[in-house]
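In: after the sequence you'll find the predicted model.
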Amino acid sequence: MAKQRKIPQRTCLGCQTVRPKREMLRIVRTPTGEVIVDPTGKKAGRGTYVCPDRACLERALSGDRLTRALETPIGPELLAFLREQLVEKLMG
Ligand SMILES: [Zn+2]
């Protein structure tokens, strides 16, 4: 009998859908307090995930969702920077 490997799943910050984390975009607050987009999905720190979808992304970045998810204040400039990077990833 073939062993089934468990695929790690995460909840999208935008739409709350659970999907395989490899398909998702990760935003992480590093141990030094930096908030960055993590293309490898392997950086240490508190992370949150969002679907590779423009609508989800916008929703995740609206209000104080990200601030609450990462438990750190995120100003409008940082938010704009993160959005730019995430949109770039979406475009491939
Ligand atoms: Zn989503």
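Out: Structure's in. What do you need?
In: mean confidence score for whichever strand or helix holds residue 37?
Out: Using DSSP states H and E, residue 37 maps to strand 35-38. For strand 35-38, the mean per-residue pLDDT is 96.
In: pairing partners for that strand, with directions?
Out: strand 25-29 (antiparallel) (DSSP bridges).
In: could you check whether the strand it pairs with is close to the ion?
Out: No. Using C-beta under 5 Å from the ion, strand 25-29 stays clear of the ion, with a minimum separation of 9.7 Å. The way it works is simple: take the backbone N, C-alpha and C, and place the C-beta from them, glycine included.
In: who touches that strand?
Out: Applying C-beta atoms under 8 Å, 6 or more residues apart in numbering, the contact partners of strand 25-29 are 13, 35-39, 41, 43-52, 57, 66, 70-72, 82, 86, 89-90.
In: and these, which of them are in strands?
Out: 35-38, 46-50 (DSSP state E).
In: and the residues you listed near the ion, which?
Out: Of those, not one also sits near the ion (C-beta under 5 Å from the ion).
In: show me which of those residues is closest to the ion.
Out: residue 50 (5.9 Å; C-beta to the ion).
In: can you give me the end-to-end distance of stretch 57-69?
Out: With C-alpha to C-alpha, to the nearest Å as the measure, stretch 57-69 spans 14 Å from end to end.
In: contacts for that stretch, please.
Out: Looking at what lies outside stretch 57-69 - C-beta under 8 Å, 6+ apart - the contacts are 12-15, 25, 27, 48, 50-51, 73-74, 79, 82-83, 86-87, 90.
In: filter the residues you listed down to the buried ones.
Out: 12-14, 25, 27, 48, 50-51, 74, 82, 86 (16 or more other C-beta atoms under 10 Å).
In: Serialize the residues you listed to TSV and add fields for pLDDT and distance to residue 5.
Out: Shown next, in TSV, are the buried ones among the contacts of stretch 57-69 (pLDDT from 0 to 100; distance: C-beta to C-beta, whole Å):
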residue	pLDDT	distance to residue 5
12	98	22
13	98	25
14	97	27
25	96	22
27	98	26
48	97	24
50	97	24
51	97	22
74	95	35
82	97	31
86	96	28
